[in-house]
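> Need the 3D shape of this:
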Amino acid sequence: MSSPAYPGIRPGNFYSGVGLDRADHLRGDEDWVAGALANDERLFVAVWRSKNLLAEADEPRPLWLRGEELGDLRAAADEILFLGLHGSTAMFAIDLSMVEAPDSQPPIEGRGAFRDLRAVGPLLPRQDGAILAYARGLAHWHQRHRFCGVCGAPTRIRHAGHVRTCI
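So this is what the prediction gives:
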């Protein structure tokens, strides 16, 4: 199938082109990551049981959460994972899978709902869909790799969520 705008050229995957600086050089710096988590400008992409948080609106759009909004949800989070930098703003994925009905708790109640990205992804701006897919994929990987595939030992997060090592 060709793109209507560019006949003869196939459109790319609309979940590609995340548009973030993944800042690999910063992920291993625990002090930098802690500072980024404490920064007032940081944003969180909430994931719950392989679903992404979308704002309640006429058209689907991500509901980016600021750190100060999270309150008790942050303490209940299963994982917090560094996604990268959008300009100078640090973006993190927060996995709320261990929380029952997080969309009925502040700060989400009445503002958004968790939806399957496969149902709404094509309706989102490409970069937003790519960021949500990246957050969902990283959270999914962590859920499925809590134990080492070689020795069976529990694993822990390293490198701000991009590596797991045996304990």
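> Find the nearest non-adjacent residue to the most centrally placed residue in the chain, please.
Centrality entry for the chain: nearest residue to the mean C-alpha point is Ala135, 2.6 Å, by C-alpha atoms, centre = their mean. Nearest non-adjacent residue to Ala135, counting by C-beta to C-beta, 6 or more residues apart in numbering: Ala93, 3.7 Å away. Every C-beta, even on glycine, is put in place using the N, C-alpha and C of the backbone.
> Please look at the one you found and Val47 and confirm they touch.
Yes: contact criterion C-beta atoms under 8 Å: Ala93 and Val47 qualify, at 5.8 Å.
> overlap in contacts of those two?
Ala135, Arg136, Ala139 (C-beta atoms under 8 Å, 6 or more residues apart in numbering).
> Just say helix, strand or coil for the first one.
Going back to what we said before, that points to Ala135. helix (DSSP: H, G, I helix; E, B strand; the rest coil).
> you'd agree it is up against Phe44?
No: using C-beta under 8 Å, Ala135 is not in contact with Phe44; the gap is 9.1 Å.
> Identify the contacts common to these two.
Ala93.
> so where's the chain shaky on pLDDT?
Regions of the chain meeting the criterion pLDDT under 70 cover residues 1-12, 14.
> Would you map the strands across it?
Along the chain, counting by DSSP state E, strands occupy 43-48, 51-55, 65-66, 79-86, 89-95, 112-115, 155-158, 163-166.
> Those strands: which one's closest to Arg22?
Distance to Arg22, taken as C-beta to C-beta, is lowest for strand 79-86 among these, at 4.2 Å.
> who does the closest one touch, helix- and strand-wise?
helix 24-27, helix 30-38, strand 43-48, strand 89-95, helix 126-144 (3 or more C-beta pairs under 8 Å, 6 or more residues apart in numbering; DSSP states H and E).
> The same query, at a cut-off of 6 Å, please.
Other helices and strands packing on strand 79-86, by 3 or more C-beta pairs under 6 Å, 6 or more residues apart in numbering; DSSP states H and E, are strand 89-95.
> Off-centre distance for the strand it packs on?
6 Å (C-alpha atoms, centre = their mean, to the nearest Å).
> Strand partners (parallel or antiparallel) of that strand?
strand 43-48 (parallel), strand 79-86 (antiparallel) (DSSP bridges).
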